[in-house]
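Peer 1: The sequence isn't on hand, but the structure is:
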């Protein structure tokens, strides 16, 4: 799903995230059967401790660019590890934050520190930068500065705006094809899954456990499909609907994000004494769109136009811990014509640096390669105007985010059917009001993975819900990682946890709470 890097100041975080559409060319399947992962050499770990994660270790691993040609060109994966400390180890626990395009190196340290000590002590928690990402090599960066402001208004209300946006996304796709022609055919989910099995081999493990968020749930489900005999335990949190990869998933996401944006408007109305934007959510929403129209004409600080405003508020759909920050910026702009807080919010939540350029390049490369997209722009235009009529908040922003796939220079493959009856018990987590990966994804994967158990956060709208402050959810996770036990209920859901409370307006105390939540969501990011 869609991912975008960003940094939240004060009490918080870094972000990225999401979903996609596909190339204007014929689809081709991966060779059947998929080539097994190439045999990997053992890795040599070195200390790479940080203040937050003092026991973190790092290593690198060479794997084939094309696993069907194990002696051909090699690439390098960057790995991280927090080693087990218990006398008895339960083996490796691979972790992934989603994206595609998200770096997993720091996530290993976070997961090891956020789990109960007695649980974390039993595992070697393994993070990795997937091929093309971060400290792995080669690193993809198709068009540096692609998100530099001010971009054209995302809503193509005139032929000139549509042309400007089309020219931009076509340029990005062409740049990727020119710079990485020999690499792009191998930047996809199946290749990343084969890399994961090479990591398993390099660790000397017969089986691995896996814990993935967002797109990482699809990555984990595909690994389990191709290597079911290698799966010891499998945790999937905020689950991609594998039947909509990726075009349909993106369209469905737009409706869900519109609902979360309206939930933010209702939250602002609740705190009129703080924000002074009114008590009627619909009227507050009208003020937001009026702000958008004004910024389309005169960008704040010469950098926050209409598209950048959307970028700044989209993170609120991923994690409600950001609501107080973006609500303050909204109120300042509307009530006192002060654009400073809005410019600051853009810098903290939406501005893209070189790491973000890299993440987006891999995001596009994987999603455009993974699945077939509409072959003509007319279909995109028709579908996205239809969505916009009912869910305008993110419809066209998301469309352009994924639109390079309509012009991708590499032929697409077919999504993996992840249905699986060969696994040990699997634990699934899903919030009912998640926007990035709507609830249906969790319900669908629950049906497709025979014997899996689904734990639902009732009323929750955040994306990435375990290790984020909900003790009920975390208890199920800790139990499963300790002894493999999962809850069993009746019907579609096996266990229900109530959501954590929504945030309150900023105070010194409020800004210091939910440390795990803000840290996790900084690692997971937006759009993915």
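Peer 2: Done, it's in. Since we're looking at a predicted model, the values are computed, not measured. Numbering: from 1, shown residues only.
Peer 1: and residue 518, helix, strand or coil?
Peer 2: Of the three states, residue 518 takes helix under DSSP: H, G, I helix; E, B strand; the rest coil.
Peer 1: How about the one 5 residues further on?
Peer 2: The three-state assignment at residue 523 reads helix, by three-state DSSP.
Peer 1: do the same with residue 456
Peer 2: strand.
Peer 1: Likewise for the one 10 residues further on?
Peer 2: Residue 466 carries the three-state label coil when classified by three-state DSSP.
Peer 1: tell me the phi and psi of it?
Peer 2: With angles defined as degrees, to the nearest 10, residue 466 sits at phi -90, psi 150.
Peer 1: Now for it, how many residues are close by?
Peer 2: By the measure other C-beta atoms under 10 Å, the count of residues near residue 466 is 25. Using the backbone N, CA and C atoms, a C-beta is placed for each residue, glycine as well.
Peer 1: so who does it touch?
Peer 2: 235, 237, 429, 473, 474, 477 (C-beta atoms under 8 Å, 6 or more residues apart in numbering).
Peer 1: for residue 384, same thing?
Peer 2: 251, 395, 396, 399.
Peer 1: In JSON lines: the contacts of residue 466, plus secondary structure.
Peer 2: Listed next are the contacts of residue 466 as JSON lines, based on three-state DSSP:
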{"residue": "235", "secondary structure": "strand"}
{"residue": "237", "secondary structure": "strand"}
{"residue": "429", "secondary structure": "strand"}
{"residue": "473", "secondary structure": "helix"}
{"residue": "474", "secondary structure": "helix"}
{"residue": "477", "secondary structure": "helix"}
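Peer 1: For residue 379, state which of those residues is nearest.
Peer 2: Taking C-beta to C-beta as the measure, residue 379 lies nearest residue 237 of those, at 32.5 Å.
Peer 1: Would you mind naming the residues that bridge with the nearest residue to that closest one once chain neighbours are set aside?
Peer 2: Of all residues not flanking residue 237 in the chain, residue 429 sits nearest, at 4.3 Å (C-beta to C-beta, 6 or more residues apart in numbering). Note on residue 429: beta-bridge partners by DSSP bridges are residue 237, residue 455.
Peer 1: so how far is residue 346 from residue 429?
Peer 2: Look at residue 429 and residue 346: by C-beta to C-beta, to the nearest Å, they are 31 Å apart.
Peer 1: Out of the two, name the residue with the larger neighbour count.
Peer 2: Legend: neighbour count by other C-beta under 10 Å for residue 429 and residue 346, higher for residue 429 (29 against 26).
Peer 1: Now do the contacts for the more buried one.
Peer 2: 235-239, 442, 454-457, 465-466, 473, 476-477.
Peer 1: Point out where the chain drops to low pLDDT.
Peer 2: Counting by pLDDT under 70, the chain contains low-confidence ranges at 1-41, 508-517, 527-528.
Peer 1: Buried residues, the longest helix seen in it. List them.
Peer 2: The residue-count maximum for a helix in the chain (DSSP state H) belongs to helix 247-270. For helix 247-270, a neighbour-count test (16 or more other C-beta atoms under 10 Å) marks 247, 249-265, 267-269 as buried.
Peer 1: now for it, which elements pack on it?
Peer 2: Packing partners of helix 247-270 (3 or more C-beta pairs under 8 Å, 6 or more residues apart in numbering; DSSP states H and E): helix 281-297, helix 315-318, helix 323-336, helix 377-390, helix 395-402.
Peer 1: any idea which of these is most buried?
Peer 2: Compared across these, helix 315-318 shows the largest average neighbour count, a mean of 29 (mean count of other C-beta atoms under 10 Å).
Peer 1: What helices and strands are in contact with it?
Peer 2: Helix 315-318 sits against helix 247-270, helix 323-336, with contacts defined as 3+ C-beta pairs under 8 Å, 6+ apart.
Peer 1: Figure out how far the next helix or strand after the first one is from the centre of its chain.
Peer 2: What that stands for is helix 247-270. Later in the chain than helix 247-270, the nearest helix or strand by DSSP states H and E is helix 272-275. Relative to its chain's centre, helix 272-275 lies at 32 Å (C-alpha atoms, centre = their mean, to the nearest Å).
Peer 1: got it, and stretch 190-199?
Peer 2: For stretch 190-199 - counting by C-alpha atoms, centre = their mean - the centre lies 19 Å from the chain centre.
Peer 1: got it, and stretch 110-119?
Peer 2: Computed by C-alpha atoms, centre = their mean, the chain-centroid distance of stretch 110-119 equals 22 Å.
Peer 1: Nearest spatial neighbour of residue 482, chain-adjacent residues omitted?
Peer 2: Closest residue to residue 482 apart from its sequence neighbours, by C-beta to C-beta, 6+ apart: residue 119 at 5.6 Å.
Peer 1: So residue 307 sits against residue 153, correct?
Peer 2: Yes: counting by C-beta atoms under 8 Å, residue 307 touches residue 153, with 6.2 Å between them.
Peer 1: more crowded one of these two?
Peer 2: A side-by-side neighbour count of residue 307 and residue 153, using other C-beta under 10 Å, places residue 307 first with 25 against 22.
Peer 1: tell me which element that one is part of?
Peer 2: With DSSP H and E as criterion, residue 307 is part of helix 306-313.
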